[in-house]
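Q: my questions concern the predicted model and sequence given below.
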Amino acid sequence: MAAKTTAENDIADEDLEPLADETARQAQRVVAAYAEDADECRMLLSMLGIGPTTKLD
């Protein structure tokens, strides 16, 4: 049975902390390993908020 979702369980955006760089890299590797193809990998990384970032010099 699915867990009951209530407003009591919601987390406000300001309560979330960013991932450490190493944690994000590890998560990216796991997603890449299980993705069917590059498009799925990009989609999943984007959905998780851990997609590659463009570095501006």
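A: Arrived safely, thanks for sending.

Q: which SSE is Glu40 in?
A: Taking DSSP states H and E as the criterion, Glu40 maps to helix 38-48.

Q: helices of the protein, residue ranges please.
A: Assigned by DSSP state H, the chain shows helices spanning 21-34, 38-48.

Q: okay, the ones you listed in TSV with mean neighbour count and mean pLDDT next?
A: (Glycine included, C-beta is placed from N, CA and C.) Conversion of the helices of the chain to TSV gives the following (neighbours: other CB atoms under 10 Å; pLDDT from 0 to 100):
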stretch	mean neighbour count	mean pLDDT
helix 21-34	12	94
helix 38-48	13	95
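
Q: list the contacts for the closest residue to Ala27 other than its chain neighbours?
A: Computed as CB to CB, 6 or more residues apart in numbering, the closest residue to Ala27 that is not its neighbour in sequence is Ile50, at 5.4 Å. Contact analysis of Ile50 by CB atoms under 8 Å, 6 or more residues apart in numbering lists Leu19, Ala24, Ala27, Gln28, Val31.

Q: what values do phi and psi take at Ile50?
A: As for Ile50, its main-chain torsions (degrees, to the nearest 10) stand at phi -130, psi 30.

Q: kindly report the same for Glu36.
A: Main-chain dihedrals, Glu36, degrees, to the nearest 10: phi -70, psi -40.

Q: in this protein, which residue is closest to the centre?
A: Compute the mean C-alpha point of the chain, and by CA atoms, centre = their mean the closest residue is Leu48, 2.2 Å away.

Q: where's it relative to Thr23, distance?
A: 12 Å (CB to CB, to the nearest Å).

Q: same question, Ala32
A: Ala32 is 15 Å from Thr23, where distance means CB to CB.

Q: residues contacting the helix holding Glu40, please?
A: Contacts of helix 38-48 with the rest of the structure, by CB under 8 Å, 6+ apart, involve Ala27, Gln28, Val31, Ala32, Ala35, Gly51, Pro52.

Q: setting the sequence-adjacent residues aside, check what's closest to the second one.
A: Think Gln28. Of all residues beyond its chain neighbours, the one nearest Gln28 is Ile50 (5.8 Å), with distances taken as CB to CB, 6+ apart.
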